[in-house]
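Participant: My questions concern the predicted model and sequence given below.
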Amino acid sequence: AGQKNFNLEEEKKAKQRAVDGDSSDEEDLAPEEKKAKKLKRLEKLRRQEAAASSKFERIRSWLKRVLKEWEMDIDELPESVVRSVKGRQEIGSHKQTKQYLKPLFRKLKRRELEQGITDKLTSIIEHCKR
């Protein structure tokens, strides 16, 4: 049962990477290649954000970009910080945030988010950009 769960989890991760545009396994890449790939992905997210035509697209692309920037900041932490309690908390917070935002991303993608929430998120994003 444990191996089956592991295999299912790996399949889910592979599908998510495909959805996110990460077709190769980053674990197999050298640190410089990982960083270059993430920078390329970040640039793509910035272009998507600039080209977004609807509120749903703007919110979704902004959130994805901010999460990617946060991930890159975590990747640049020194190993001593990563191994510390504070570092582990930061990594845990990032993973938890990504997980908790998945339902919001789904609703944004399907354009099913209520108008009031969409308006408030747009307002928050506009204030963050200032």
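Facilitator: Okay, I see it.

Participant: Nearest the geometric middle of the chain, what residue?
Facilitator: What sits nearest the mean C-alpha location of the chain, by C-alpha atoms, centre = their mean, is residue 67, with 4.3 Å.

Participant: Number of residues surrounding the closest residue to that one other than its chain neighbours?
Facilitator: When the adjacent residues along the chain are set aside, residue 67 lies closest to residue 98, with 6.0 Å between them (C-beta to C-beta, 6 or more residues apart in numbering). Any C-beta I mention is one placed from the backbone N, CA and C, and that applies to glycine too. Residue 98 is surrounded by 16 other residues when neighbours are defined as other C-beta atoms under 10 Å.

Participant: What residues does the residue nearest to the centre of the chain make contact with?
Facilitator: The neighbours of residue 67, taking C-beta atoms under 8 Å, 6 or more residues apart in numbering as the test, are 94, 97-98, 101.

Participant: Now, of the residues you listed, which are buried?
Facilitator: Neighbour-count burial (16 or more other C-beta atoms under 10 Å) applied to the contacts of residue 67 gives residue 98.

Participant: Nearest to residue 78 among the contacts of residue 67?
Facilitator: Checking these against residue 78 by C-beta to C-beta gives residue 94 as the nearest, at 16.7 Å.

Participant: How confident was the prediction at residue 7?
Facilitator: At residue 7, the model reports a pLDDT of 72.

Participant: what kind of secondary structure is it in?
Facilitator: Judged by DSSP: H, G, I helix; E, B strand; the rest coil, the three-state class of residue 7 is helix.

Participant: From the chain's centre, how far out is the longest helix along the chain? Work that out for me.
Facilitator: Among the elements of type helix in the chain, defined by DSSP state H, the one spanning the most residues is helix 85-110. Once both centres are worked out by C-alpha atoms, centre = their mean, to the nearest Å, helix 85-110 turns out to sit 7 Å from its chain's centre.

Participant: how about that helix: buried residues?
Facilitator: Of the residues in helix 85-110, those buried (16+ other C-beta under 10 Å) are 87, 90, 98, 105, 107-108.
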